[in-house]
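A.B. asks: pasting the sequence and the predicted coordinates here, then a few questions.
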Amino acid sequence: MDVETFRRYAHELVDWMADYARNVEDLPVLAKVSPGDILSRLAPSPPEQGEPFERIMADFDSIIMPGMTHWQSPNYFAYFNANNSFPSILAEMLTATLGAQCMSWITSPAATELEERVMEWLRDMIGLPREFVGVIQDSASTATLCSLLTAREKASGHAINRHGYSGERFTVYCSREAHSSIEKDVRIAGIGSQRLRRIALDNNYAMDPSALDAAVRRDMEEGYHPLAVVAALGTTGSTAIDPLDTIAAVCRRYGLWLHVDAAYAGTALVLPSMRWMLKGIEAVDSFVFNPHKWMFTNFDCSAYFVRDADALVNTFTLLPEYLKTRVDGSVKNYRDWGIQLGRRFRALKLWFVIREFGVQGLREAVSNHIRWAGEVADLIRPEPDFELMAPTPLATVCFRYHPEGVNDSSELEQLNQRLMDELNASGKIFLTHTRLDGKLTLRLVVGQTRQERRHVTAAWDAIRRTARKPAHS
Ligand SMILES: *Cc1c(COP(=O)(O)O)cnc(C)c1O
């Protein structure tokens, strides 16, 4: 492809992109395909000769698009959002075009220094203390792994990095509702799933700090080495907020590392009214949240903040001859701030998003989402045949259909499973479930970038109407 042909197709694709953004709300949110449908339509072997771009694009439209689930539909209410936005998309176009590897300062000084600056912006925007220093990671899973590895190396005097484990019996603590990535990270860090203590919950599905205290004490008595606590601000199931200040007190008492997983909820901290969640932050060692969830920035972009940058860098730094530069002593080389060597230029999209929205624009968007979710919760509360399953501190509503007289748990489960399946099959909305206290719970996550109040209202109408259709009662 020569440059003029590229120019022509790039212009065509920009039109495709704008049309998609305009029409996406009319597409079925969840792809209507069965396992293997797409695979069966893909050529079993690669073409020997290059193909014209028209043909590739035609196949994209006819084979790929029908198999896409539309995360950027305003009718998307599943999992958590993976929002993009127009400024973010535009930045990604530039990032793709520049194709720079941003592993060292010298491999793109602007990428490093922009990352430094936008992470300072972000830290101040969400009210983290100024001692925190940030770095962009690919995901919260990776950031939490970095945190646990840093805690491990700090506790072992870097012995485990050098010669592996020699009988350390570390234990890590999180709530029963903590994200599965914590367990994955504990495994990868060599600590072992069985040494991850899943702490009991309070009535709001948040960690019970007195149960944490008891678990740490028991482990110490039994000769374990309690290493770290991962507290969740906004659990994935129900967005429960672990009480940071009392957890921090336990960590201080026993000298534990404290990491905060605010993957989803961190964005809400742009609102000063939500900063109560940060009470206790003075004792936190590391903190992660995902602008790629709720902050309108394309996946991947996970903001990882640490109090002790040296401890992080000492965990990961290696300096082979071929990476040495004359400026290593005076610059940040972000390859030393995590697992990957090669890094995308991810700061650019964040910079575009923050500047195009403005802090005030971000606040407005997020507070709308929280308000609309609260309105749905207020509508559900008085309904005789629906029940709220958890508090709604953010923009995720947990509920189930519970008609009067139906009290058998497996019947309720089937009713709600069928309700969700039917809604998702309709293509009008897409929502997913969790289990709270063993009960199947539907989750309505408000907060897609171009969602308006009408989409949220329509979603609740669809849920109510579908549930009350004769087949469901
Ligand atoms: C989404 C989520 C994660 C995982 O995020 P990734 O960036 O996909 O690794 C971790 N913790 C919580 C609380 C989450 O909601």
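C.D. replies: Great, that's in hand.
A.B. asks: so what's the predicted local confidence for the residue in the stretch 201-350 of the chain positioned nearest to the ligand?
C.D. replies: Here the residue of the stretch 201-350 of the chain nearest the ligand is residue 263; by CB to the nearest ligand atom that distance is 3.4 Å. Heads up, the C-betas are built off the backbone N, CA and C, glycines and all. pLDDT, residue 263: 98.
A.B. asks: likewise residue 323?
C.D. replies: 78.
A.B. asks: hang on, it packs against residue 106?
C.D. replies: No. Counting by CB atoms under 8 Å, residue 323 does not reach residue 106; the two are 9.6 Å apart.
A.B. asks: do stretch 240-256 and the ligand meet at all?
C.D. replies: No. Using CB under 6 Å from any ligand atom, stretch 240-256 never reaches the ligand; the gap is at least 9.9 Å.
A.B. asks: from the ligand, how far out is residue 381?
C.D. replies: 25 Å (CB to the nearest ligand atom, to the nearest Å).
A.B. asks: OK, contacts around that residue?
C.D. replies: Taking CB atoms under 8 Å, 6 or more residues apart in numbering, we find residue 381 in contact with residue 388.
A.B. asks: I'd like the numbering to begin with 33 instead of 1 from here.
C.D. replies: New numbering, starting at 33: the last item is residue 413.
A.B. asks: and it, its phi and psi?
C.D. replies: Residue 413 adopts backbone torsions of phi -50, psi -50, taken as degrees, to the nearest 10.
A.B. asks: after the longest helix belonging to the chain, which helix or strand is next? Please name it.
C.D. replies: As assigned by DSSP state H, the longest helix anywhere in the chain is helix 379-412. Under the assignment DSSP states H and E, the closest C-terminal helix or strand after helix 379-412 is strand 418-420.
A.B. asks: what helices or strands is that following strand leaning on?
C.D. replies: Judged by 3 or more CB pairs under 8 Å, 6 or more residues apart in numbering; DSSP states H and E, the packing partners of strand 418-420 are helix 379-412, strand 428-433.
A.B. asks: deepest-packed of those, please.
C.D. replies: strand 428-433 (a mean of 25; mean count of other CB atoms under 10 Å).
A.B. asks: what about the helix or strand following that one, average pLDDT?
C.D. replies: Reading on from strand 428-433 to the C-terminus, the next helix or strand found by DSSP H and E is helix 441-458. Mean per-residue pLDDT for helix 441-458: 96.
A.B. asks: list the buried residues in helix 441-458.
C.D. replies: Applying a neighbour-count criterion of 16 or more other CB atoms under 10 Å, the buried positions in helix 441-458 are 444-445, 447-448, 451-452, 455-456.
A.B. asks: so what touches it?
C.D. replies: In contact with helix 441-458 (CB under 8 Å, 6+ apart) are residues 60-62, 64, 432-435, 438, 461-465, 470-474, 494-495, 498-499, 504.
A.B. asks: how about a cut-off of 10 Å?
C.D. replies: By CB atoms under 10 Å, 6 or more residues apart in numbering, the surrounding residues in contact with helix 441-458 are 60-62, 64, 101, 109-110, 419, 431-435, 438, 440, 461-465, 467, 470-475, 491, 494-495, 497-501, 503-505.
A.B. asks: and if you look at stretch 247-255?
C.D. replies: Contact partners of stretch 247-255, identified using CB under 10 Å, 6+ apart, comprise 201-203, 205, 227, 229-232, 240, 256-259, 261, 282-283, 285-286, 288.
A.B. asks: so which of those residues belong to strands?
C.D. replies: Secondary structure from DSSP state E places 202-203, 205, 229-231, 257-259, 261 of these in strands.
A.B. asks: most neighbours of all those, which one?
C.D. replies: Within the ones in strands among the contacts of stretch 247-255, residue 261 tops the neighbour count with 30 neighbours, counted by other CB atoms under 10 Å.
A.B. asks: what sits against that residue?
C.D. replies: 183, 204-207, 229, 231, 239, 241, 244, 247-248, 274, 279-280, 282-283, 286, 288-292, 316-317.
A.B. asks: now name the helix or strand holding the residue lying farthest from the centre of the chain.
C.D. replies: Computed with CA atoms, centre = their mean, the residue of the chain farthest from its C-alpha average is residue 81, at 40.6 Å. Using DSSP H and E, residue 81 falls within no helix or strand.
A.B. asks: can you pull the phi/psi pair for it?
C.D. replies: Dihedral pair for residue 81: phi -100, psi 150, per degrees, to the nearest 10.
A.B. asks: what separation do you get for it and residue 75?
C.D. replies: Residue 81 sits 13 Å away from residue 75, going by CB to CB, to the nearest Å.
A.B. asks: and residue 154, by the same measure?
C.D. replies: 44 Å.
A.B. asks: how about residue 136?
C.D. replies: Noted for residue 136: a distance of 39 Å to residue 75, by CB to CB.
A.B. asks: neighbour count winner among these two?
C.D. replies: Between residue 136 and residue 75, residue 136 has the larger neighbour count (other CB under 10 Å), namely 23 against 8.
A.B. asks: now do the same contact list for the more buried one.
C.D. replies: Contact analysis of residue 136 by CB under 10 Å, 6+ apart lists 143-144, 355-357, 359-360, 363-368, 373, 375.
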